[in-house]
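**Student:** Dropping a prediction and its sequence here:
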Amino acid sequence: MIRKTRNLLIALGVMALLIISVILVNKMRKEPETQEPAPARVELIMLSEISPESLRNLSIENPEGSITLSSMDGFTWIIPDTPPEFQAKETLLRSLISNLSAIRGVLIDENPDDSTVYGLNNPSAEILLTGSSGNQVSILFGNSNLSENGRYARLKGESQVFLVPSSIANKAFWSLEDIREDRLPEINTEAVTFIYIRSGTGIFQAVPHSGELGPYQPMGASLDVIKPWKERRLIQDHIFQQTMALTPPPSRISGFLKEWVENPESLGLGPEADRIIIEDTSGGRYNMEIGNSDGQGRRYARESGYGDVVFLIDEKDLGLLDIDPFAHTGNFVFLAGIDRVTEVKIDGPGVSHVLSIEKLGDPEDDSDDTFSIDGIETGEKNFKKIYQSIIGLMYEGAALNDSVEAEPEYSIRYTHVNPEISPKTIQFIPYDQTYYLAGVEGEDTEFIIGRYQVQLMLDKITGASEN
């Protein structure tokens, strides 16, 4: 009996412990987790409460000088006492006005015993805001804080010291040059209609292509190079586009002179200065003259859109002045379309070859044409291979002396399919032991071609004739 009673008591005790455990677990689940307190908010106090629309005058005094901005309506702003050609960058002007018209800061010191620690006994900058009703607010700016993410400030005549974010406060230290427009005219370099570059005594000039292809010419170009060459030459469009992409004209001014230049010629500017003139299809025009170096990697310059204002351009942005006229000039000696030629005759010392194309039917239909080399009929594929070696002759450089007095050593005479169009003769005049002067008879011979090119062409024709 005693044993049964003892066992019952033990069982009841264990059950009670289990019940208590369940109750404690459920209670813990229902209690919310302890949360960390939210960080205290820093209160920003408004130092000036003049909206940009109500602002009528903004004056800035700082070590760089002074700026005064005025407006009659809060939207259109002028900068008095600047030259007529002074242009402000609109986006920066708006940023300056909107940021300085409504300045907020954190209160740092209610009534400091010594303001020198903040740099406010002798302020570095001061702004004066005038509203449409004549109300004025003057704010003084002192030192930056240790982390340099803020600058100390106070209202003029007040003792409270505030910390204003540097992104706002630093605008009180801008100069006129910081808001001056520094972008040069934009030109669509992919749609150039005119370009003129003078560098030293060298000139490169290209104008719109004449519009009509020559009677032998199978392809055209957007521009013709007219200087420095005596004859009008097709431009190599793909090379010209590469040049304009890699070395475009300068797009930004790197600095303005603090004083007006009375004698620009003393800086190398004037009629003889280096110059870049570019026009595009949309009417855009870029006209800049470049003078001497300032000794610090920049050159003095003027652009017609800025009047007579002298500014500075980084020399590294003037790669276009080094343009190579020859590299941009069509370099085929004479590119005659095979569909426009009936005969090609090559003559020289101990050499006489004739390539003929006979039109048997419709002149526009070449499916029934017959081809022959030196009187022997050949297949179209073989003929075109030889013909390609003739029209594939390419200039290798500009002649330093284009007035060589010598008789042509070799000549290539093209006869057009239209008998009313005169034949064209290409002449190869001895230049030196390596080169010939090459060009169209009756035109100035300005370029040279390696003798090896002519010999390779002759070897191919001879080989085709023998086969």
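**Tutor:** The structure has been received and is ready for your questions.
**Student:** Distance check, residue 403 against residue 431.
**Tutor:** Taking CB to CB, to the nearest Å as the measure, residue 403 and residue 431 are separated by 11 Å. (C-beta placed from N, C-alpha, C; glycine too.)
**Student:** out of these two, which sits in the busier spot?
**Tutor:** More neighbours surround residue 431 than the other of residue 403 and residue 431, with 21 against 8 (other CB atoms under 10 Å).
**Student:** hang on, the more buried one packs against residue 437?
**Tutor:** Yes: between residue 431 and residue 437 a contact is recorded at 4.8 Å, counting by CB atoms under 8 Å.
**Student:** which residues are common contacts for those two?
**Tutor:** Common contacts of residue 431 and residue 437, defined by CB atoms under 8 Å, 6 or more residues apart in numbering, comprise 399, 404, 448.
**Student:** Am I right that the second one sits in a helix?
**Tutor:** Same thing as residue 404. No: secondary structure of residue 404 (DSSP: H, G, I helix; E, B strand; the rest coil): coil, not part of a helix.
**Student:** burial of it, as a residue count?
**Tutor:** The tally of other residues near residue 404 (other CB under 10 Å) stands at 14.
**Student:** for it, phi and psi?
**Tutor:** phi -70, psi 130 (degrees, to the nearest 10).
**Student:** Nearest to residue 343, out of the shared contacts of residue 431 and residue 437: which one, please.
**Tutor:** For the shared contacts of residue 431 and residue 437, the residue nearest residue 343 by CB to CB is residue 448; the value is 27.1 Å.
**Student:** For beta bridges, what are the partners of that closest one?
**Tutor:** For residue 448, the beta-bridge partners are residue 397, residue 437 (DSSP bridges).
**Student:** my guess is it meets residue 394, correct?
**Tutor:** No: with contact defined as CB under 8 Å, residue 448 does not reach residue 394; the gap is 10.9 Å.
**Student:** Which of the two has more residues huddled nearby?
**Tutor:** Neighbour comparison, residue 448 and residue 394: the larger count goes to residue 448, with 25 against 15 (by other CB under 10 Å).
**Student:** after the helix or strand of the chain with the lowest mean pLDDT comes which helix or strand?
**Tutor:** One helix or strand of the chain scores below all others by mean pLDDT, DSSP states H and E: helix 2-30, with a mean of 43. Next helix or strand after helix 2-30 toward the C-terminus (DSSP states H and E): strand 45-46.
**Student:** Give me the helices and strands touching that following strand, please.
**Tutor:** Other elements packing on strand 45-46 under the criterion 3 or more CB pairs under 8 Å, 6 or more residues apart in numbering; DSSP states H and E are strand 104-109.
**Student:** model confidence over the strand it packs on, on average?
**Tutor:** With pLDDT averaged residue by residue, strand 104-109 scores 91.
**Student:** quick one: contacts of it?
**Tutor:** 42-47, 118, 150, 152-153, 160-165, 168.
**Student:** buried ones in that strand?
**Tutor:** 105, 108, 109 (16 or more other CB atoms under 10 Å).
**Student:** now that strand, how far from the centre of its chain.
**Tutor:** Between the centre of strand 104-109 and the centre of its host chain there is 44 Å, according to CA atoms, centre = their mean, to the nearest Å.
**Student:** next structured bit after that strand?
**Tutor:** As assigned by DSSP H and E, the chain's next helix or strand after strand 104-109 is strand 125-131.
**Student:** name the helices or strands packed onto that next one?
**Tutor:** For strand 125-131, the packing partners by 3+ CB pairs under 8 Å, 6+ apart come out as strand 55-62, helix 90-101, strand 136-144.
**Student:** between the second one and strand 125-131, how many degrees?
**Tutor:** On the basis of axes from the mean of the first three to the mean of the last three CA atoms, to 10 degrees, helix 90-101 is oriented at 90 degrees to strand 125-131.
**Student:** Helix 90-101: which residues count as buried?
**Tutor:** Neighbour count says helix 90-101 has 92, 93, 96, 97, 99, 100, 101 buried, by 16+ other CB under 10 Å.
**Student:** returning to what we had before: could you dump the shared contacts of residue 431 and residue 437 into JSON lines with distance to residue 257 and pLDDT added?
**Tutor:** What follows is the shared contacts of residue 431 and residue 437, written out as JSON lines (distance: CB to CB, whole Å; pLDDT from 0 to 100):
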{"residue": "399", "distance to residue 257": "44", "pLDDT": "94"}
{"residue": "404", "distance to residue 257": "50", "pLDDT": "80"}
{"residue": "448", "distance to residue 257": "46", "pLDDT": "97"}
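**Student:** possible to save these as TSV with distance to residue 331?
**Tutor:** Output for the shared contacts of residue 431 and residue 437, formatted as TSV (distance: CB to CB, whole Å):
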residue	distance to residue 331
399	14
404	20
448	11
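**Student:** Would you mind checking which of the residues you listed is nearest to residue 143?
**Tutor:** Ranked by distance to residue 143 (CB to CB), those are led by residue 399 at 69.0 Å.
**Student:** what's the nearest residue to residue 232 if we skip its chain neighbours?
**Tutor:** Nearest residue to residue 232, sequence neighbours excluded (CB to CB, 6 or more residues apart in numbering): residue 224, at 4.8 Å.
**Student:** helix, strand or coil for that neighbour?
**Tutor:** Of the three states, residue 224 takes strand under three-state DSSP.
**Student:** Could you do residue 320 as well?
**Tutor:** What three-state DSSP gives for residue 320 is helix.
**Student:** any idea how far residue 201 is from it?
**Tutor:** Residue 320 sits 17 Å away from residue 201, taking CB to CB as the criterion.
**Student:** more crowded one of these two?
**Tutor:** The neighbour comparison of residue 320 against residue 201 (other CB under 10 Å) goes to residue 320, with 20 against 7.
**Student:** what's near enough to touch that one?
**Tutor:** Residue 320 neighbours (CB under 8 Å, 6+ apart): 197, 243, 247, 248, 249, 276.
**Student:** ok, the second one touching residue 323?
**Tutor:** Yes: between residue 243 and residue 323 a contact is recorded at 6.2 Å, counting by CB under 8 Å.
**Student:** Residue 103 - how many residues pack around it?
**Tutor:** Close neighbours of residue 103, defined as other CB under 10 Å, add up to 27.
**Student:** Now do the shared contacts for residue 403 and residue 431.
**Tutor:** Residues touching both residue 403 and residue 431 by CB under 8 Å, 6+ apart: none at all.
**Student:** can you tell me the helix or strand for residue 408?
**Tutor:** Using DSSP H and E, residue 408 is not contained in any helix or strand.
**Student:** ok, for it, nearest residue in space, not its chain neighbours?
**Tutor:** Spatial nearest neighbour of residue 408, excluding adjacent residues (CB to CB, 6+ apart): residue 427 at 3.9 Å.
**Student:** what about the helix or strand where the one you found lies, distance to the chain center?
**Tutor:** Assigned by DSSP H and E, residue 427 falls within strand 424-430. Relative to its chain's centre, strand 424-430 lies at 42 Å (CA atoms, centre = their mean).
**Student:** check contacts around residue 175.
**Tutor:** Applying CB under 8 Å, 6+ apart to residue 175 gives the contacts 62, 64, 65, 67.
**Student:** tell me the contacts of the spatially most central residue of the chain?
**Tutor:** Per CA atoms, centre = their mean, the C-alpha nearest to the average position across the chain is that of residue 248, at 5.0 Å. Counting by CB under 8 Å, 6+ apart, residue 248 makes contact with 187, 189, 320.
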